[in-house]
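> what's the 3D shape of this:
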Amino acid sequence: MQQQPDLLGPQPLAITPAAGMEGPRLWVRRLVIWKEPGGEKVRDVTLRPGLNIVWSPDGADDDASADQINAIGHGSGKTLFCRLIRYCLGEDRFATEPQRDRIGIAFLNGIVGAEVMLDGTCWAIVRPLGIRRRHMAVANGNLDEIAAGDGTSTGLESFIEAVDQSVLTTDLARLVRPRADGPIWPIALAWLTRDQECRFDDVLDWRSPTSDSDSPIPASGQEKGPRLEALRAFLMAITPEEQTTRGEVTALSERRRILDQEIGHRRWEIERTQNRLVAALDLATQSLPKLPLLIDVMRKSAEERLAAASKLPAGGGELVTARSQHEAARVDYARLEGDRIRIEASIPIEQRVLSEIQGELPGLSYSQAEAESPICPICEVPIDRALAEECKLSHKIPDAEACRQRWTQRQAEFEEQGKRLEGLRQESVRILPQIALAKQQLDRAANRVTAIEKARDTREATWYSARRVQDDVERVAELIGAQDNAIRRQRELGTKLEAQRERLGAFRDKQARIFSRMSEKFDPIVRRLVGRHDVQGRVTLSGKGLELSVDMGGDRSTAAIESLKILAFDLSALCLSIEGVTRVPAFLLHDSPREADLGLSIYGRLFDIAEELERLGGTPLFQYIVTTTTAPPMEYREPPYLRLKVHGDPPVQRLLGIDL
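Just a heads-up that it's a prediction; the model follows:
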């Protein structure tokens, strides 16, 4: 589609200062560095409202002495100068840790101080560079006296709170840091005094991790969303109502997302359970209605199955009788088996006893015969009893009667033992059929108990299965009811979400007007920096974030153009602060913007724009501090614009006057 020509042509930069504004609300009037309290000043730099240039020239860019002609403009202390200003304005650290250590060793008791003007009140601020731990911020105080004194540390909280109360206002607290406590000024300070390490590469890059500034979130960190919200709050491009609405939209979206997941999972569970129940109830071959009518069919089938399972024999009393009979058979079998074991164990014992008795009988028979025909113990010749009774040669005659009685008794014991052994053998033979019969009876009783238990278990399993199916049917019915309620809530959430999004659309229309006002400053500043009238600049807020565009026969996106966009954006915000339509002071500090691949011609026009802004009133209504290595245009190399000139060599002409 052919673009219609711009009948009005490019508009000039127009700024209407806020009513009653006679100067910048916040600006740094003086920065002083002491080797030690009350000692000689290393640096005493006076600053002014308007443009302030800190220049560290290369040897070829200045009327340098012989020892400076080959010196480079880097390493002179420009960035440290910016960091010290930030330090006095409330930042926690003034350099990286290695550099702080070197400065702390060289300036063991060193201090830095600043006179900061806040709505016409001079705040004397003193902070340590070395081992001292005294941080002072005194309204209407004398900087030199406070630096030389040894008063109690007050901290910088009172100054930061004063900035929050008077310039930023407490309304920003909930917008910039809705989930955390703490001051807002350090976040705004991070934007107004970008790290040199960020190289002006993105409008939302304020603090680099390599700078070790320890700025609070959202001023630092990987997430740019919180910084965008803070920037919008500073530009008054967001209201508490919008943020509340945005939070409600986020909460509603999250609730609907969770509800969608629940509905999807519940749908899957309903389908899975339905398929299982249809198979369990043997309904797969029937023509089935859709849910929820299918519930009635499944409920009826489940009730019939449960009723049928309830009619199966329970086997309660029969099982008790069978178990009692089984126990009696077990006891009888155990008794008989015990008798068999006893008999089998006794037979060998009795056999050995019988053998022992049998072994004694021959000896007893010989003793009896010997007793009846004794031998003379003297001459060892058999004698008759009658002669022996008259013989005086032997004093002891064997008792034949006793020997006969012993043999007779042992013979009787042998016969008795034989009868006992035979009885055990007969009993062993007789008990085996009884044991076999008892074992049969025990097995029959055990089988009967097992059969009854199996029937009982089958009945219980069938009943529980039928009951579980019935419960699952009711569970599906409950899930369907819950699903219907969830779908209804989903529709309600969708309606609420749509209404809230319409409200956000109205807020976006209002934001478009605010960023249109920003574009009214951004567009002419871009043209002035580029030096062409056919260039267009635009600031828009989209779903992707804050977008800065420069149209030079097409959207340009080179490194130099990106740096130009950020400079133009910061200057546009400065103009809006002069008009009093932002929540930040008209204060800006740029550390070596030329190093961010900015063209030399563009760089020179940057100072021209700042000088033009000074002419808006009798006193400049802003403070813009720029450090540079590249020589500024000739007319800006002297006061009042040039406030400090430092060199990389010799060391005495560096910011701290020494070689660290």
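> Low-confidence bits of the stretch 151-300 of the chain, can you list those?
Applying pLDDT under 70 to the stretch 151-300 of the chain flags residues 170, 173-174, 177-181, 284-286.
> now the helix or strand Ala334 falls within, how far from the chain's geometric center?
Assigned by DSSP states H and E, Ala334 falls within helix 316-372. On the basis of C-alpha atoms, centre = their mean, to the nearest Å, helix 316-372 sits 81 Å off its chain's mean C-alpha point.
> List the buried residues for stretch 40-57?
For stretch 40-57, a neighbour-count test (16 or more other C-beta atoms under 10 Å) marks 42-43, 45, 47-57 as buried. Yep, even glycine has a C-beta here, placed from its N, CA and C like the rest.
> what do you get for stretch 463-472?
463, 466, 469-470, 472.
> Please apply the same query to stretch 144-152.
For stretch 144-152, using 16+ other C-beta under 10 Å, the buried residues are 144, 146-147.
> swap in stretch 490-501?
Buried-residue list, stretch 490-501, by 16+ other C-beta under 10 Å: 490, 493, 497, 500.
> Not counting it itself, show me its contacts.
The list of residues contacting stretch 490-501 from outside it, by C-beta atoms under 8 Å, 6 or more residues apart in numbering, reads 245, 248-249, 252-253, 255-256, 259-260, 263.
> now with 10 Å?
Contact with stretch 490-501 is made by 244-253, 255-257, 259-260, 262-263, 508, as judged by C-beta atoms under 10 Å, 6 or more residues apart in numbering.
> Next secondary structure after the helix or strand bottoming out on mean pLDDT in the chain?
Lowest by mean pLDDT, DSSP states H and E among the helices and strands of the chain is helix 385-390, with a mean of 55. Downstream of helix 385-390, the next assigned helix or strand under DSSP H and E is helix 400-530.
> How far off centre is that next one?
36 Å.
> Now the element after that helix, going C-ward?
Per DSSP H and E, the helix or strand that comes after helix 400-530 is strand 536-542.
> Which strands or helices does that next one pack on?
helix 225-234, helix 400-530, strand 545-551, helix 559-578 (3 or more C-beta pairs under 10 Å, 6 or more residues apart in numbering; DSSP states H and E).
> Other residues contacting the third one?
Yep, that's strand 545-551 we're talking about. 202-204, 224-225, 227-228, 231-232, 235, 237, 515, 518-519, 522-523, 526-527, 529-530, 534-541, 555-558, 561-562, 564-566, 568-569, 572.
> Apply 6 Å and report the result again.
203, 228, 526, 536-540, 555-556, 561, 565, 569 (C-beta atoms under 6 Å, 6 or more residues apart in numbering).
> for that strand, what is the average pLDDT?
Regarding strand 545-551, the rounded mean pLDDT is 87.
> circling back: which single one of the buried residues of stretch 144-152 is nearest to Gly77?
Nearest to Gly77, judged by C-beta to C-beta, of the buried residues of stretch 144-152 is Ala147 at 19.8 Å.
> Hmm, the closest one is touching Gly113, no?
Yes. With contact defined as C-beta atoms under 6 Å, Ala147 counts as touching Gly113 (4.9 Å).
> shared neighbours of those two, which are they?
Val126.
> ok so, going back, which ones among the buried residues of stretch 40-57 lie within strands?
Among these, DSSP state E puts 42-43, 45, 50-55 in strands.
> okay, and for the stretch 301-450 of the chain, where does confidence drop off?
311-317, 361, 364, 366, 368-398.
> Look up phi and psi at Glu22.
Main-chain torsions, Glu22, degrees, to the nearest 10: phi -110, psi 0.
> same check, this time on Phe94
The phi/psi pair for Phe94 (degrees, to the nearest 10) is phi -110, psi 0.
> Tell me how far the nearest residue to it once chain neighbours are set aside lies from Thr79.
Spatially, and ignoring its direct neighbours in sequence, Phe94 is nearest to Tyr87 (3.8 Å; C-beta to C-beta, 6 or more residues apart in numbering). Remark: distance between Tyr87 and Thr79 (C-beta to C-beta, to the nearest Å) = 12 Å.
> And Leu589, by the same measure?
Leu589 is 11 Å from Thr79, by C-beta to C-beta.
> and what of Lys224?
24 Å.
> neighbour count winner among these two?
Ranked by neighbour count (other C-beta atoms under 10 Å), Lys224 and Thr79 place Thr79 first, with 21 against 17.
> Point out the other elements, helices or strands, that the helix or strand hosting the more buried one touches.
Assigned by DSSP H and E, Thr79 falls within helix 78-88. Judged by 3 or more C-beta pairs under 6 Å, 6 or more residues apart in numbering; DSSP states H and E, helix 78-88 is in contact with strand 587-591.
> Report the rounded mean pLDDT for the strand it packs on.
On average, strand 587-591 scores 95.
> how about the helix or strand just after it as CSV, C-alpha atoms only?
Per DSSP H and E, the first helix or strand lying C-terminal to strand 587-591 is helix 600-614. C-alpha atoms of helix 600-614 as CSV (Å, rounded to 0.1, in the frame of the first residue of the first chain):
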residue,chain,number,x,y,z
LEU,A,600,31.6,12.0,15.2
SER,A,601,29.1,14.3,13.5
ILE,A,602,26.2,12.8,15.5
TYR,A,603,28.4,13.2,18.6
GLY,A,604,28.9,16.9,18.0
ARG,A,605,25.2,17.5,17.5
LEU,A,606,24.5,15.9,20.9
PHE,A,607,26.1,18.9,22.6
ASP,A,608,24.2,21.3,20.3
ILE,A,609,20.9,19.8,21.5
ALA,A,610,21.9,20.1,25.1
GLU,A,611,23.0,23.7,24.6
GLU,A,612,19.6,24.5,23.0
LEU,A,613,17.8,23.0,25.9
GLU,A,614,19.7,25.4,28.2
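> Residues touching the helix or strand following helix 600-614, excluding its own?
Going down the chain from helix 600-614, the next helix or strand is strand 623-628, by DSSP H and E. Strand 623-628 has contacts (C-beta under 6 Å, 6+ apart) with 24, 27, 49, 51-55, 78, 587-592, 594, 610.
> make it 7 Å
By C-beta atoms under 7 Å, 6 or more residues apart in numbering, the residues outside strand 623-628 that reach it are 24, 27-28, 47, 49-55, 78, 81-82, 574, 587-594, 610.
> cool, and stretch 146-154?
The list of residues contacting stretch 146-154 from outside it, by C-beta under 7 Å, 6+ apart, reads 34, 37-38, 111, 113, 124, 126, 133-138.
> can you check stretch 419-430 too?
By C-beta under 7 Å, 6+ apart, stretch 419-430 touches 343-344, 346-347, 350-351, 354.
> Quick check: buried residues in that stretch?
421, 424, 428.
> Stretch 18-37 too?
For stretch 18-37, using 16+ other C-beta under 10 Å, the buried residues are 21, 23-37.
> hmm, back to that, how many residues are close by the residue nearest to Phe94?
Tyr87 has 23 nearby residues by other C-beta under 10 Å.
> does it really touch Arg127, like I thought?
Yes. Using C-beta atoms under 7 Å, Tyr87 is in contact with Arg127, at 5.8 Å.
> what is in contact with these two at once?
Val112.
> one step back: buried ones among the contacts of stretch 490-501?
245-246, 248-249, 252, 256, 259, 263.
> how about the residues you listed in JSON lines, adding distance to Ala402 and secondary structure?
Listed next are the buried ones among the contacts of stretch 490-501 as JSON lines, based on distance: C-beta to C-beta, whole Å; DSSP: H, G, I helix; E, B strand; the rest coil:
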{"residue": "Thr245", "distance to Ala402": "132", "secondary structure": "helix"}
{"residue": "Arg246", "distance to Ala402": "130", "secondary structure": "helix"}
{"residue": "Glu248", "distance to Ala402": "127", "secondary structure": "helix"}
{"residue": "Val249", "distance to Ala402": "128", "secondary structure": "helix"}
{"residue": "Leu252", "distance to Ala402": "124", "secondary structure": "helix"}
{"residue": "Arg256", "distance to Ala402": "121", "secondary structure": "helix"}
{"residue": "Leu259", "distance to Ala402": "116", "secondary structure": "helix"}
{"residue": "Ile263", "distance to Ala402": "114", "secondary structure": "helix"}
